[in-house]
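S.K.: The amino acid sequence is not available; the structure is as follows:
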């Protein structure tokens, strides 16, 4: 329709308008779709088709990557949880593998993973819950009666660090875990970010399917913030596309979300 749109980089930009005016079309179908095809690895850029839905898009070279952050769940199985999604669970596993008890028993970091056999509870396969099939009714999930929802077998739970087993750590809420991991900068940084966005009440092992859309969205943004490293200004940064990100959120949560977005912008995105 011969419309020109200018979207400044390194700023938080809001596209607004009445229902049906084309906000999502511009943000997702034109901006996001084209940038996804024309950024990233060189092989994908060579195969990228001509511009979709527009005549030209200028300034693409200033965008390193593009990411859509929506309210879709961060995982489909109970094995997925905030600790694994944000990415600090690997550091926790290494911490437990480095204890004297683990070294004596010959346990490596893999022993403290609930995604692989060996250390996890065999009855629930590391999910903490068991599924009971009901005739003519939806399946019901109940707490595993073998591990009590702690996801690991007795031998793995026998290994403790600061008097807490790996199962105890998963049951911790973020607010408690911040103090517990204070001496470990990488884990502490990620937990502090979760606390800053108002998710301090979540447990580290809370199954992803039980999270609300707003919680999932903030966890995705925290994951992005946790990846940021100081001193990267000047490099091509990320363009985040959010379609109606405040739908269903309380005003207090909206305030936390906006504060989080400004932190990403301050890092040059």
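M.R.: Arrived safely. In this text the structure is predicted, and so the values were computed from the model without any measurement.
S.K.: gap between residue 49 and residue 268?
M.R.: 29 Å (C-beta to C-beta, to the nearest Å). (C-beta placed from N, C-alpha, C; glycine too.)
S.K.: Specify which residue of those two has the higher count of neighbours.
M.R.: Set residue 49 next to residue 268 and count neighbours by other C-beta atoms under 10 Å: residue 268 wins out with 15 against 8.
S.K.: Spell out, range by range, the strands that occur in the chain.
M.R.: Listed in chain order, the strands of the chain (DSSP state E) span 63-68, 129-132, 140-143, 160-161, 164-165, 237-241.
S.K.: Kindly spell out which helices and strands sit in contact with the second one.
M.R.: To tie it back to what came earlier, the one meant is strand 129-132. Secondary-structure packing of strand 129-132 (3 or more C-beta pairs under 8 Å, 6 or more residues apart in numbering; DSSP states H and E): strand 140-143.
S.K.: What's the per-residue pLDDT of residue 197 here?
M.R.: On pLDDT, residue 197 comes in at 85.
S.K.: can you give me the helices in the chain?
M.R.: 23-24, 33-38, 42-47, 82-86, 89-97, 100-105, 154-157, 166-171, 174-180, 185-196, 213-227, 251-266 (DSSP state H).
S.K.: Highest mean neighbour count out of those?
M.R.: Among those, helix 82-86 has the highest mean neighbour count (mean count of other C-beta atoms under 10 Å), at a mean of 23.
S.K.: isn't residue 62 right up against residue 7?
M.R.: No - using C-beta atoms under 8 Å, residue 62 makes no contact with residue 7, being 11.2 Å away.
S.K.: Pipe the strands of the chain into CSV and attach distance to residue 13 and mean pLDDT per row.
M.R.: Formatted as CSV, these follow (distance: least, C-beta to C-beta, whole Å; pLDDT from 0 to 100):
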stretch, distance to residue 13, mean pLDDT
strand 63-68, 13, 89
strand 129-132, 42, 88
strand 140-143, 42, 89
strand 160-161, 45, 94
strand 164-165, 44, 94
strand 237-241, 10, 90
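S.K.: CSV for the ones you listed, including distance to residue 197 and mean neighbour count?
M.R.: Listed next are those as CSV, based on distance: least, C-beta to C-beta, whole Å; neighbours: other C-beta atoms under 10 Å:
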stretch, distance to residue 197, mean neighbour count
strand 63-68, 17, 16
strand 129-132, 27, 13
strand 140-143, 28, 13
strand 160-161, 27, 16
strand 164-165, 25, 16
strand 237-241, 15, 20
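S.K.: Could I get the ones you listed in CSV, plus columns for distance to residue 186?
M.R.: Output for the strands of the chain, formatted as CSV (distance: least, C-beta to C-beta, whole Å):
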stretch, distance to residue 186
strand 63-68, 22
strand 129-132, 29
strand 140-143, 31
strand 160-161, 16
strand 164-165, 18
strand 237-241, 21
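S.K.: Grab the nearest non-local neighbour of the residue sitting nearest the centre point of the chain.
M.R.: When the chain is reduced to its mean C-alpha position, the nearest residue by C-alpha atoms, centre = their mean turns out to be residue 220, at 3.7 Å. Of all residues not flanking residue 220 in the chain, residue 69 sits nearest, at 5.1 Å (C-beta to C-beta, 6 or more residues apart in numbering).
S.K.: wait, what's in contact with that neighbour?
M.R.: By C-beta atoms under 8 Å, 6 or more residues apart in numbering, residue 69 lies in contact with 217, 220-221, 224, 240-242, 245.
S.K.: again, only this time at 6 Å
M.R.: With contacts defined as C-beta atoms under 6 Å, 6 or more residues apart in numbering, the neighbours of residue 69 are 220, 240, 242.
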